[in-house]
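Trainee: Build me a model:
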Amino acid sequence: MSEQGPGRAPADSLGRGSLVNLAGAGASAASTLLVVVLTARILSPADAGRVFALTSAFLIAAAVLRGGTATGVVLFVSRAADPTGAVARRIGRRGVRPVLLASTTVAVLGAIGSAPLGAALGVSTATVLVLVASLPAAAVLDTVLAVSRGHHDMVPTVAVDRIGRPVLQLALAGLVALDPGVTGMVAAWCVPYVVAAAAAWTITPALHDRHADQAAGPPEEAREFRGFVVARGAAAVIQICFARLDIVLVAALAGPREAAIYTAATRFVTVCQLVQQAVATAGEPALARTIARGELDVALSIYRTTTVWLLSLLWPVLLIAAAVAPEWLAVFGPAYRDGVGVVLVLTAAMLVATGVGMVETVLNMAGRSATLVLNNVGALVTMVGLDLALVPTLGALGAALGWAAAIVVKNVVPLVQLRATLPGLPFSRSWVLGAALDLGLLVALPVLGGLTLGAPGRWTGLALGVALLLPSYVMRRSDLRLDRLFLRAPMLSGPAREARC
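Mentor: Purely as a prediction, here's the structure:
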């Protein structure tokens with residue numbers, strides 16, 4: 001595919017979109033991590049565990065109410081010719097209205113039953129009221145921002161949801177530190193969603209312009225949108241359950257203290273998932289267009305390039321996090337050192353997940369959302385089954401084993417299925433080079449140093465590997481395709497050679 005071919009526009013915008021999203025992911029990861037640290041430091045492990053469990057249940061509820069509307073809005077807006085903005089207005093409202101209605105209904109019912117619900121959860125009525133009052137905003141936020149993402153504009157999502165909301169959470173958590181309590185910390189987590197939703201609504205005129213075109217659109221569009229949203233909604237709910245349900249299960253089966261340890265020990269996974277989400281969010285419109293046009297070689301090239309980006313960015317984080325787990329866990333408090341086993345188990349699983357790239361996004365943009373739902377159901381059943389069997393005896397480590405198994409299932413199975421859609425797998429020569437650099441410098445050197453000189457040799461080998469990694473990336477930036485991320489070099493440079501390298 002030449003640079004003048006039809007695949008150029010989405011491909012050239014991918015690096016810019018990914019870079020913007022990565023900047024937002026970095027800010028979000030740092031702020032979110034600091035909120036978790038503050039929560040762990042100012043509250044007892046038991047109270048911190050209650051906060052983590054409650055906020056996890058809150059995010060699961062928001063995902064259930066939102067369903068697949070955000071991804072549906074991105075897909076239907078991005079693939080339409082929309083010079084007047086009429087499609088964006090129509091699709092955006094079609095996605096937002098049912099979410100607002102459902103979430104507001106649930107919030108009202110929750111407020112009515114706040115007293116008995118608080119008693120059942122072991123928290124105050126005020127805590128429950130804070131949660132339910134913030135729920136509609138959390139549910140609708142991503143769907144509102146999806147309108148701009150459908151037009152390849154990542155800035156509103158990054159500014160509002162990746163930077164603004166987490167930074168406000170951190171600021172409010174700092175204020176709560178002056179008078180620590182479960183209710184205050186829950187408010188610090190939840191209230192910023194209200195502010196973010198208001199900001200997102202304000203900067204998305206397509207959703208509140210009363211004088212805009214109100215055409216209903218073709219009937220088949222409405223049916224297709226509903227079908228996609230239902231299928232994707234199930235997948236979205238399962239995704240959030242992967243990230244949060246195990247925290248709730250650990251709190252219920254092993255107590256809030258174990259839930260706090262598990263939450264702290266899995267924060268590095270959340271950081272990695274934010275980076276994955278940043279690249280996947282930028283890649284969705286490009287993949288949707290290229291696959292819809294039948295440009296499968298171009299889609300494969302985009303997939304392979306983003307996979308190398310994820311490997312190059314995240315494998316070092318994962319390997320270093322595993323190597324120094326006791327040290328960074330101590331930042332949360334002495335009790336959290338018990339989470340070292342959790343870190344090691346999930347590091348292995350995340351190496352697999354990041355190594356296959358945004359495989360689920362590719363499958364989803366190829367229109368195989370129903371297949372994706374079945375995959376995720378199988379992985380979720382695996383996780384919950386292992387949690388129920390292992391958490392009562394192993395606590396946080398049992399939950400880590402369950403989550404790790406689910407991560408492997410939900411990434412390897414779609415990788416096999418993708419062979420029927422794309423003309424290849426994500427493993428290119430660039431992938432092999434990146435993996436060799438990371439494993440050689442961050443695993444082989446420390447192991448060799450440890451075998452020869454003991455603990456000092458291991459630390460020396462790790463320090464040497466870290467020092468050599470960045471220069472190695474710079475020297476081989478073209479081979480690793482990093483120039484396309486940071487220097488905005490053309491994404492495509494030749495037909496079959498680039499798509500199949």
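Trainee: show me the contacts for residue 406.
Mentor: 242, 379-380, 382-383, 386 (C-beta atoms under 8 Å, 6 or more residues apart in numbering). Every C-beta, even on glycine, is put in place using the N, C-alpha and C of the backbone.
Trainee: May I ask which two of the residues you listed are separated the most?
Mentor: Across the contacts of residue 406, no pair lies farther apart than 242 and 386, at 12.6 Å, counting by C-beta to C-beta.
Trainee: returning to that earlier point: mind putting the contacts of residue 406 into TSV with neighbour count and secondary structure?
Mentor: TSV is the format used below for those (neighbours: other C-beta atoms under 10 Å; DSSP: H, G, I helix; E, B strand; the rest coil):
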residue	neighbour count	secondary structure
242	17	helix
379	25	helix
380	19	helix
382	18	helix
383	26	helix
386	21	helix
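Trainee: and whichever helix or strand residue 27 is part of, what's its mean pLDDT?
Mentor: Using DSSP states H and E, residue 27 maps to helix 8-42. Taken as a whole, helix 8-42 has a mean pLDDT of 73.
Trainee: and if you look at stretch 410-427?
Mentor: 88.
Trainee: wouldn't residue 443 be in contact with residue 320 here?
Mentor: No: with contact defined as C-beta atoms under 8 Å, residue 443 does not reach residue 320; the gap is 10.5 Å.
Trainee: residue ranges of the helices in the stretch 251-400 of the chain, please?
Mentor: Per DSSP state H, counting those that start in this stretch, the stretch 251-400 of the chain carries helices over the ranges 256-265, 267-292, 296-323, 325-329, 340-355, 359-365, 369-394, 396-417.
Trainee: what helices or strands is the shortest one leaning on?
Mentor: The one in question is helix 325-329. Counting contacts by 3 or more C-beta pairs under 8 Å, 6 or more residues apart in numbering; DSSP states H and E, helix 325-329 is packed against helix 340-355.
Trainee: I'd like the average pLDDT over the helix it packs on.
Mentor: 95.
Trainee: hmm, back to that, can you add distance to residue 133 and give the helices of the stretch 251-400 of the chain back as CSV?
Mentor: CSV is the format used below for the helices of the stretch 251-400 of the chain (distance: least, C-beta to C-beta, whole Å):
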stretch, distance to residue 133
helix 256-265, 23
helix 267-292, 25
helix 296-323, 36
helix 325-329, 34
helix 340-355, 33
helix 359-365, 32
helix 369-394, 29
helix 396-417, 30
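Trainee: Nearest to residue 54, out of those?
Mentor: Per C-beta to C-beta, nearest to residue 54 of the helices of the stretch 251-400 of the chain: helix 256-265, 10.0 Å.
Trainee: pLDDT averaged over that closest one - what is it?
Mentor: On average, helix 256-265 scores 94.
Trainee: which strands and helices sit next to that helix?
Mentor: Going by 3+ C-beta pairs under 8 Å, 6+ apart, helix 256-265 lies up against helix 8-42, helix 45-66, helix 219-254, helix 340-355, helix 396-417.
Trainee: low-confidence ranges in the stretch 101-250 of the chain?
Mentor: The stretch 101-250 of the chain contains residues with pLDDT under 70 at 209-217.
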